[in-house]
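Colleague: Sequence unavailable; structure follows:
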């Protein structure tokens, strides 16, 4: 069973990593390790010494909220719970009495994820190792101490004491939820999270991620696009257009181009500029060229729509109208296209078929000695 150690070894609220969240850095306490044996569906998970010291890390959940009556959502209430609550002696076994496969809030699949694997370094159910902060809190490391939440019998009118909840059933603001996740997940991939588009929009980690399931949709190639387009409905429409990147076929995912946790580039791109992101796949379009085409070297999105277009090659408009956006008859070097602008009053033959591209085929730049007309 998920048995606790002796009372003298039990952690206090000061051993809890959440307690440190509410203190200034100079006041934060060192966590003390303690051990307990553990069981997962009849299988003993022990370290070489026969005990398992569980690392207390902060992970996030996304379980839809329904069917259980909690009291008033309150950051203050949860804060007090973390500061003064009592931890269970049986650990995860206590939680699994209710949160089994038949529960409205099942949690058993967490043992099929890295968070529930003793072989994964730093996971909540992993043996202790140096340079980590061990505290055998298991589920309670993230949801707070069990305290009175585990009462089997409630009096008339009594509501079950709240645990710290995340995502759709979150009972604290997103910034606090995220701070708990970032206690462990604040690595180089989240360097730019603060101030990023998603953080500024008030998103919580659990709005996108699911932890109590073996299949986190936002991390899976086959379902990531569906997960992202739940919010980005305009992109969902774009990828259904005539010309689009192969997102529908799962040959490309949102994360191939975007850094959802923020980056130095615009539009959450994984690279410093839109062009550098595009060159990851379209390396043949990268310069420098002897004869550059300024919009191509400046920003691919001047001519292309990255998520989808009804024009060929993801173009914003069809040629020659696209070209005329810059090459107008108003002073810029150009080939006037409209009948009223021609000496004989007739429309230019270049309006037929592909127009400008019939001759100027190297629109991304050319190294050919024929010159800067980009014909070869």
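Modeller: Received the coordinates, thanks. Keep in mind that this is a model prediction, so the values were computed, not measured.
Colleague: Next up, phi/psi of residue 309, please.
Modeller: Phi and psi for residue 309, reported as degrees, to the nearest 10, are phi -150, psi 150.
Colleague: swap in the one 5 residues further on?
Modeller: For residue 314, the backbone dihedrals are phi 60, psi 30 (criterion: degrees, to the nearest 10).
Colleague: Any figure for the gap between it and residue 325?
Modeller: 16 Å (Cβ to Cβ, to the nearest Å). (Each C-beta comes from the backbone N, C-alpha and C, glycine too.)
Colleague: quick one: which of those two has more around it?
Modeller: Higher neighbour count among residue 314 and residue 325: residue 314, with 21 against 13, using other Cβ atoms under 10 Å.
Colleague: Let me see the contact set for the closest residue to the more buried one other than its chain neighbours.
Modeller: Excluding its sequence neighbours, the residue lying closest to residue 314 (Cβ to Cβ, 6 or more residues apart in numbering) is residue 304, at 4.6 Å. Going by Cβ atoms under 8 Å, 6 or more residues apart in numbering, residue 304 touches 313, 314, 315, 316.
Colleague: Mind doing that once more with 7 Å?
Modeller: 314, 315, 316 (Cβ atoms under 7 Å, 6 or more residues apart in numbering).
Colleague: Export the residues you listed as JSON lines, with columns for pLDDT and distance to residue 105.
Modeller: JSON lines is the format used below for the contacts of residue 304 (pLDDT from 0 to 100; distance: Cβ to Cβ, whole Å):
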{"residue": "314", "pLDDT": "96", "distance to residue 105": "43"}
{"residue": "315", "pLDDT": "96", "distance to residue 105": "49"}
{"residue": "316", "pLDDT": "95", "distance to residue 105": "47"}
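Colleague: For the nearest residue in space to residue 300 that is not next to it in sequence, the count of nearby residues, please.
Modeller: Spatially, and ignoring its direct neighbours in sequence, residue 300 is nearest to residue 278 (4.8 Å; Cβ to Cβ, 6+ apart). By other Cβ under 10 Å, the residues close to residue 278 number 20.
Colleague: quick thing: my sequence starts at 13, can you match it?
Modeller: In the new numbering, first residue 13, that becomes residue 290.
Colleague: Verify the stated contact: residue 290 with residue 314.
Modeller: No - the criterion here is Cβ atoms under 7 Å, and residue 290 misses it with residue 314 at 11.9 Å.
Colleague: could you pull out the strands for this protein?
Modeller: 51-52, 55-56 (DSSP state E).
Colleague: re the thing from before, tell me how far the residue nearest to residue 312 lies from residue 376.
Modeller: 11 Å.
Colleague: Tell me the confidence at the residue nearest to residue 326?
Modeller: pLDDT, residue 316: 97.
Colleague: gap between it and residue 379?
Modeller: Residue 316 is 22 Å from residue 379, by Cβ to Cβ.
Colleague: picking up where we left off before, pick the one among the contacts of residue 316 closest to residue 284.
Modeller: residue 326 (21.6 Å; Cβ to Cβ).
Colleague: Got the domain ranges for this protein?
Modeller: Domains of the chain are assigned by automatic domain parsing as 13-227, 299-338+348-388.
Colleague: And those, which one averages the lowest pLDDT?
Modeller: Minimum mean pLDDT among these: domain 13-227, a mean of 64.
Colleague: So which residues of the protein form helices?
Modeller: Assigned by DSSP state H, the helices in the chain fall at 29-33, 87-96, 104-108, 152-155, 186-197, 209-212, 217-220, 236-240, 245-250, 286-291, 306-310, 333-336.
Colleague: Quick one: closest of those to residue 370.
Modeller: Nearest of those (Cβ to Cβ): helix 333-336, 11.5 Å.
Colleague: Give me the buried stretch members for that closest one, please.
Modeller: 334, 335, 336 (16 or more other Cβ atoms under 10 Å).
Colleague: As a markdown table, those with distance to residue 126 would be great.
Modeller: As requested, those are exported to a markdown table (distance: Cβ to Cβ, whole Å):
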| residue | distance to residue 126 |
| --- | --- |
| 334 | 48 |
| 335 | 51 |
| 336 | 54 |
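Colleague: Among those, which one lies nearest to residue 181?
Modeller: For the buried residues of helix 333-336, the nearest to residue 181 is residue 334 (48.5 Å; Cβ to Cβ).
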